[in-house]
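> Sharing a model prediction with you, sequence too.
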Amino acid sequence: MAYTPELNNFYSTTLRRIAWALDEPMTETIRRVIDHVVGQVNHRLVCEKCRDDSRCEFCAFQYFK
């Protein structure tokens, strides 16, 4: 399931600047940002609030259980 959220100008510009700083394309940068957030967020809360239990074995938050 691919989902492409639209970023407003502020967030698009911010992501672009982070990508420039990392010398990476924006697509890789957004992955790195998400990976970072996954490590910071309360994974138990995410799992409790999750509405899709069909792919838990592939979920990034599974690695933190």
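Good, I have the coordinates. Here the structure is a predicted model, which is why all the values come from computation and not from measurement.
> how about stretch 32-51: buried residues?
Neighbour counts using 16 or more other CB atoms under 10 Å place His43 of stretch 32-51 among the buried residues. C-beta coordinates here come from the backbone N, C-alpha and C atoms, glycine included.
> Neighbours of Thr29, how many?
Neighbours of Thr29 under the rule other CB atoms under 10 Å: 19.
> and the closest residue to it other than its chain neighbours, what is it in contact with?
Once flanking residues are discounted, Thr29 sits nearest to Ala19: 4.0 Å by CB to CB, 6 or more residues apart in numbering. By CB atoms under 8 Å, 6 or more residues apart in numbering, the contact set of Ala19 is 25-26, 28-29.
> Can you tell me which of the residues you listed has the most neighbours?
Looking at the contacts of Ala19 with neighbours defined as other CB under 10 Å, the largest count falls to Thr29 at 19 neighbours.
> Which element, helix or strand, includes Tyr11?
helix 9-22 (DSSP states H and E).
> quick one: average confidence on that helix?
For helix 9-22, the mean pLDDT works out to 97.
> Please give the centre-to-centre distance between whichever helix or strand comes after that helix and its chain.
The helix or strand immediately downstream of helix 9-22 is helix 26-40, counting by DSSP H and E. Counting by CA atoms, centre = their mean, to the nearest Å, helix 26-40 is centred 5 Å from the centre of its parent chain.
> list the helices and strands helix 26-40 packs on?
Here helix 26-40 touches helix 9-22, going by 3 or more CB pairs under 8 Å, 6 or more residues apart in numbering; DSSP states H and E.
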